[in-house]
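Chemist: got a sequence here, can you build the structure:
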Amino acid sequence: MVIEKGKPLSKVKISGGGRCNVTNGHCADKMILAEHYPRGNKEFRGSFFSMHGPWDTISWFSDHGVELKTEDDGRVFPVSDSSSSVIDCLLFELKIIGVLLQTGKSVTNVSTTVGGKYIIKIEKRTSDPIEYVEADYLLIASGSSRQWIFLWSQGYTLATQLGHSIVDPVPSLFTFKIEDAQLAELAGVTFPKVKAKLKLENVQRQIPQLTQVGPMLITHWGLSGPVILRLSAWGARDLFSSAYEGILFVDFIPDLHLENAKSILFQHKDQFAKQKALNSFPPDFGLVKRFWKYILEREHISGDILWASVSNNSIISVVSLLKQCSFGVKGKGQFKDEFVTAGGIPLSEISLNTMESRKQPNLFFAGEVLNVDGVTGGFNFQNAWSGGYIAGTTIGKLALDSSSEMEAV
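Modeler: I've put the predicted structure just below:
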């Protein structure tokens, strides 16, 4: 029996912009794969992904009629580009296997009997009678809470009832709010590759992952894109402690050394001396005119000035800004309708080989209810598929062994 408070697979439906980023196909090595989990990276270096990794996920969906494709960055989507393909597949399998799906119901309490069974209290509406279900095995895969600061998720409450502790959840995977009116005017401008480093005042220790390289996007409220989302995930707890304020340093030409970039701009000045600074800039920098204007304005250089009149000091300043452009982070923005949290049940309280609780026998957990979260790119779903597979097969084996013992008796 599956008891679902909301609409089944609603998070799958909105993921990946409605396309459902099923997994990531560029991380076959479990050690590399584990590095994409800010919480869980050490624990996942073991057997977790060996038991069910990305290729197992891809094979399972392919074998069950969902044709998949892998994009250049490793993200795996249904060929249909619709999350409905994944949802329909999973719901169809439930029906074929004979799983009873109960929706619109909440599990409000779980207790154990002397015989080790679980008594599950189920409520729907105030006027509806309360139901009680007796179960031999219990798997909690309730995800995290969107209202993390006001209300624990259902799974957290049940876990504490059964003796588990909770690492307080905080937001992960979000964009950065930058209070810069001129930058906001550039909303929609993208950069295929930047190097971004996040510095927080209350964090003195070195965190290598707070420097990331990848695509970036300017939005109406600040900065977004994979490089920003990865920084938000790795810095989730420290950003929370810093009230989401810090300094972001961005290198917009990471493939060019500082001195090489200076030489390129000096050569450009000599070659295009009679052209306006705004209308002519090195193609090697890979910038769009709108952003070039922003850089000039930050250095107080008029776009109408001829290159011949631009001082050498100004050229050095422009290159320095391109290599280390600072932005004041003044909060977090919202990223679509998706929400990931850092926090949950500590991994030390479960066995990753079985997903069984170390506190209670025959109690299992999977997914984001655990203190696990991945960066964007299909990694959060892969954690869910892997944990669910391990928990499900373990429960199946235990039930089969128990049945065999009873038959023998």
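
Chemist: residue 22 contacts residue 379, doesn't it?
Modeler: No: taking contacts as Cβ atoms under 8 Å, residue 22 lies outside contact range of residue 379: 11.0 Å. Every C-beta, even on glycine, is put in place using the N, C-alpha and C of the backbone.

Chemist: what pLDDT does residue 202 get?
Modeler: Residue 202 carries a pLDDT value of 81.

Chemist: check residue 335 too.
Modeler: pLDDT recorded at residue 335 is 55.

Chemist: go on, residue 143?
Modeler: We have a pLDDT of 84 for residue 143.

Chemist: contacts only, for the closest residue to it other than its chain neighbours.
Modeler: Leaving aside its sequence neighbours, residue 143 sits nearest to residue 368 (Cβ to Cβ, 6 or more residues apart in numbering; 4.8 Å). By Cβ atoms under 8 Å, 6 or more residues apart in numbering, the contact list for residue 368 reads 143, 144, 340, 341, 344, 380, 383, 384.

Chemist: the first one: neighbour count?
Modeler: In other words, residue 143. The criterion is other Cβ atoms under 10 Å. On that basis, residue 143 has 21 neighbouring residues.

Chemist: also the third one?
Modeler: Other residues within reach of residue 340, judged by other Cβ under 10 Å, total 24.

Chemist: residues contacting it?
Modeler: 144, 171, 172, 173, 233, 368, 373, 374, 380.

Chemist: could those be laid out in TSV, adding secondary structure and distance to residue 285?
Modeler: Output for the contacts of residue 340, formatted as TSV (DSSP: H, G, I helix; E, B strand; the rest coil; distance: Cβ to Cβ, whole Å):
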residue	secondary structure	distance to residue 285
144	coil	41
171	strand	34
172	strand	33
173	coil	30
233	helix	29
368	helix	40
373	strand	35
374	coil	33
380	helix	35
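
Chemist: farthest-apart pair in the residues you listed, please.
Modeler: The largest separation in the contacts of residue 340, counting by Cβ to Cβ, is between 171 and 374 at 14.4 Å.

Chemist: ok, these two, which is more surrounded?
Modeler: Using other Cβ under 10 Å, the more surrounded residue of residue 171 and residue 374 is residue 374, with 28 against 24.

Chemist: verify the stated contact: residue 298 with residue 317.
Modeler: No: at 9.3 Å, residue 298 does not count as touching residue 317 under the criterion of Cβ under 8 Å.

Chemist: so what's the residue count around the residue nearest to residue 332 when sequence neighbours are not counted?
Modeler: Excluding its sequence neighbours, the residue lying closest to residue 332 (Cβ to Cβ, 6+ apart) is residue 174, at 4.4 Å. Burial measure for residue 174: 23 neighbouring residues, criterion other Cβ under 10 Å.

Chemist: cool, residue 237 as well?
Modeler: 17.

Chemist: how about the helix or strand harbouring it: buried residues?
Modeler: Residue 237 belongs to helix 236-241 when elements are defined using DSSP states H and E. Neighbour-count burial for helix 236-241 flags 236, 237, 238, 239, 240 (criterion: 16 or more other Cβ atoms under 10 Å).

Chemist: before we move on, the earlier item: hang on, the residue nearest to residue 332 in a helix?
Modeler: No: counting by DSSP: H, G, I helix; E, B strand; the rest coil, residue 174 is not found in a helix; it is coil.

Chemist: now do it against residue 246, distance only.
Modeler: Going from residue 174 to residue 246 by Cβ to Cβ, to the nearest Å gives 13 Å.

Chemist: and for residue 115?
Modeler: Distance of residue 115 to residue 246, computed by Cβ to Cβ: 54 Å.

Chemist: give me the residues contacting the longest strand seen in the chain.
Modeler: Secondary structure of the chain per DSSP state E: the longest strand is strand 190-199. Contacts to strand 190-199, defined as Cβ under 8 Å, 6+ apart, come from residues 210-218, 225, 227-228, 231, 235, 246-252, 254-255, 286, 329.

Chemist: now, the residues you listed that are in strands?
Modeler: Those of the contacts of strand 190-199 lying in strands (DSSP E): 211-218, 246-251, 329.

Chemist: out of the residues you listed, which are buried?
Modeler: Neighbour-count burial within the ones in strands among the contacts of strand 190-199 applies to 211, 212, 214, 216, 217, 218, 246, 248, 250, 251, 329; the criterion is 16+ other Cβ under 10 Å.

Chemist: for the first one, give me its contacts.
Modeler: Residue 211 makes contact with 195, 196, 197, 198 under the criterion Cβ under 8 Å, 6+ apart.

Chemist: let's see that with 10 Å instead.
Modeler: 195, 196, 197, 198, 199, 227, 230, 231, 234, 249, 251 (Cβ atoms under 10 Å, 6 or more residues apart in numbering).

Chemist: nearest to residue 164, of the residues you listed?
Modeler: Lowest distance from residue 164 to these (Cβ to Cβ) belongs to residue 234, with 25.4 Å.

Chemist: skip the chain neighbours and tell me the closest residue to that closest one.
Modeler: The nearest residue in space to residue 234 (Cβ to Cβ, 6+ apart) is residue 209, at 3.9 Å.

Chemist: just give the number of residues close to the one you found.
Modeler: By other Cβ under 10 Å, the residues close to residue 209 number 15.

Chemist: my guess is it meets residue 39, correct?
Modeler: No: look at residue 209 against residue 39 with Cβ atoms under 10 Å: they stay out of range, at 11.8 Å.

Chemist: list the residues that contact both of those two?
Modeler: With Cβ under 10 Å, 6+ apart, residue 209 and residue 39 have common neighbours 233, 234.

Chemist: enumerate the beta-bridge partners assigned to residue 199.
Modeler: When assigned by DSSP bridges, residue 199 has beta-bridge partners residue 247.
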